[in-house]
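K.L.:
Here you go, sequence then predicted model.
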Amino acid sequence: MDAATSTTTVRTKTGGTATLTRAAVMEASRTEPDYTAYASNDVWVVADIGGRLIPVVPLVRAALGAEPHNTNEAEVRIRELGFQIFVKRLYTPGGQPVRLTQTQLKDARP
């Protein structure tokens, strides 16, 4: 991977594009809650910013003021800015992966 860039372009749900900056992401991360503030989900795609695991879609949404096209778009652009991305998988107390119904997944999305 090349050196991190300070700006990148994000596709939005409206079909347009918006410029995302590293500074805007850092500023948004100050007020955006980590993944534990949201409803249960079986898998979260999160960015590690300052030791906090913040879901990428709400983070990009807060930094842009616009909805990113999808999770993949948000994840790729956050990585381009040099942040680490993790997939957080939830497990039951018995050690089994959490599996939610489609309704539960829909309700959990930020």
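P.N.:
The structure has been received and is ready for your questions. Numbering: from 1, shown residues only.
K.L.:
mind listing the strands in this structure by residue range?
P.N.:
Taking DSSP state E as the test, the strands found in the chain are 7-11, 17-21, 43-49, 52-55, 84-89.
K.L.:
Buried ones in stretch 13-21, by neighbour count?
P.N.:
The neighbour-count check on stretch 13-21 (16 or more other Cβ atoms under 10 Å) flags Ala18, Leu20 as buried. All C-beta spots, glycine's among them, are computed from the backbone N, C-alpha and C.
K.L.:
and it, how far apart are its ends?
P.N.:
End-to-end distance of stretch 13-21 (Cα to Cα, to the nearest Å): 18 Å.
K.L.:
going forward, begin numbering at 227 instead of 1
P.N.:
Fine by me, first position is 227 from now on; the one you just mentioned is stretch 239-247.
K.L.:
How much space separates the residue nearest to the spatial centre of the chain from Val271?
P.N.:
Most central in the chain under Cα atoms, centre = their mean is Val282, positioned 0.8 Å from the mean C-alpha point. In this view, Val282 and Val271 are 5 Å apart by Cβ to Cβ, to the nearest Å.
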